[in-house]
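Chemist: Let's see this in three dimensions:
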Amino acid sequence: MFGHRHEGRRVKHLDPIIQMTPYLMPTRVDAMVFLQHDVEYEPLMRYIAAKWRDEGVKITFLEVIIASYVRAISQVPEVNRFIMNKQFYNRKELTVSMTILMDTPDGSLQENVIKVKYDPSDTIYDVAARLVQKIEANRKPETPGFSVKLASFALKIPGLATLLAGTVKLLDRYGLCPGLLIDELPFHTGMFITNNASIGLHSVFHHIYNFGNTSMFFGLGTPERGYTVDAKGNPKRWCTLPIGITVDERVCGGAVFAKLFTQMKRCLKNPELLDMPPEKVYYNEGAEYHVPKPAGVHQPVTAKAAV
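Modeler: Down below sits the predicted model:
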């Protein structure tokens, strides 16, 4: 309230045109923009294979995608913002949420939702370690996440779910939602990602939730393959990893989004850049944050920072 929220700090200096957009498009659903990006499969596959062969480190496609996002935010922090009650806020954290499948004894499909906090200086090793630790802590049926527990409790009493959801939305709108609740709810996050490839589905353009403050949604799909013809008329095989991206266009200008995705594409084309921390990390005004490094993380032999 009054410019201060648990998860963000009010943006002081903003282009008037950008600042006007929430009045013209009040909700995130009003302002969704869709972008399809096809990541070259071979460079990532070679990188992942080399990590396992040379270092004994298991890295997944999902972890590389998330690491490229974390690295891009470290260079283009303006995207790490959200809009609430028509006001712009710089996030005071770098988070990614996702839905995971539970490890059930009978093989039944049960889901849990997690939110992982990252430091903008994280390497691919840090990103992978944080994600694995969070998944392992929340994958067992006996350890359901906070969101699952809250939903299960609210649905047991008629009318409670409606009352609870309405109350949380109202408190959230005016910055009065308890910090402990904000920290646990997966809908208060910089980016939500779904890995459809893990269940054999194509990429999707997922909607952005009006509840919470998510500003970006990534939908990974199964690899796509085909053939094309090069300049000499010879057939050439291609393989890509498709990502459907949905953003809240009100958060910043198109040029800033372009800068972010350029950074991501650079890292995805040259994933070895993610082995080292960035030379410099940039923060939004009044929103510097740090997350302790996970323990026991593998470190590469070289020690040169990546740009």
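Chemist: Going by C-alpha atoms from here, please, whenever you check contacts or count neighbours.
Modeler: Fine.
Chemist: Just give me the residue closest to the centre of this structure.
Modeler: For the chain, Met191 is the residue whose C-alpha lies nearest the centre (CA atoms, centre = their mean; 3.0 Å).
Chemist: for that residue, what are its contacts?
Modeler: For Met191, the contact set (CA atoms under 8 Å, 6 or more residues apart in numbering) comprises 95-97, 214-218.
Chemist: where does the protein have its least confident helix or strand?
Modeler: Ranked by mean pLDDT, DSSP states H and E, the helix or strand of the chain with the weakest confidence is helix 146-154, at a mean of 81.
Chemist: That one: what's the following helix or strand?
Modeler: Moving toward the C-terminus from helix 146-154, the next helix or strand (DSSP states H and E) is helix 160-173.
Chemist: which other helices and strands contact that next one?
Modeler: For helix 160-173, the packing partners by 3 or more CA pairs under 8 Å, 6 or more residues apart in numbering; DSSP states H and E come out as helix 146-154.
Chemist: Distance from the helix it packs on to the middle of the chain?
Modeler: Helix 146-154 has its C-alpha centroid displaced from the chain centroid by 23 Å (CA atoms, centre = their mean, to the nearest Å).
Chemist: So which residues make contact with it?
Modeler: Helix 146-154 has contacts (CA under 8 Å, 6+ apart) with 112-113, 160-161, 164, 184-186.
Chemist: Filter the residues you listed down to the buried ones, PyMOL style.
Modeler: Of the contacts of helix 146-154, the buried ones go into a single PyMOL selection, burial set by 16 or more other CA atoms under 10 Å:
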select buried, resi 112+113+161+185+186
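Chemist: Can you show me the strands along the stretch 51-200 of the chain?
Modeler: With DSSP state E, counting those that start in this stretch as the criterion, the stretch 51-200 of the chain has strands at 81-84, 87-91, 94-101, 111-118, 191-195.
Chemist: one step back: can I get the contacts of Met191 in TSV including pLDDT and neighbour count?
Modeler: Below are these laid out as TSV (pLDDT from 0 to 100; neighbours: other CA atoms under 10 Å):
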residue	pLDDT	neighbour count
Thr95	97	20
Val96	98	25
Ser97	96	22
Thr214	95	26
Ser215	95	27
Met216	96	27
Phe217	97	27
Phe218	97	26
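Chemist: got those residues as TSV, with distance to Ala295 columns?
Modeler: Listed next are those as TSV, based on distance: CA to CA, whole Å:
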residue	distance to Ala295
Thr95	19
Val96	20
Ser97	21
Thr214	29
Ser215	30
Met216	29
Phe217	29
Phe218	28
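Chemist: what's the most distant pair in those?
Modeler: Within those, Thr95 and Phe218 form the most distant pair, 13.3 Å apart (CA to CA).
Chemist: re the thing from before, identify, from the contacts of Met191, the entry nearest to Gln36.
Modeler: Phe218 (9.8 Å).
Chemist: wait, doesn't the closest one sit right on His207?
Modeler: No. Phe218 is not in contact with His207 according to CA atoms under 8 Å; the separation is 9.8 Å.
Chemist: Can you check which residues contact both of the two?
Modeler: By CA under 8 Å, 6+ apart, the residues touching both Phe218 and His207 are Thr246.
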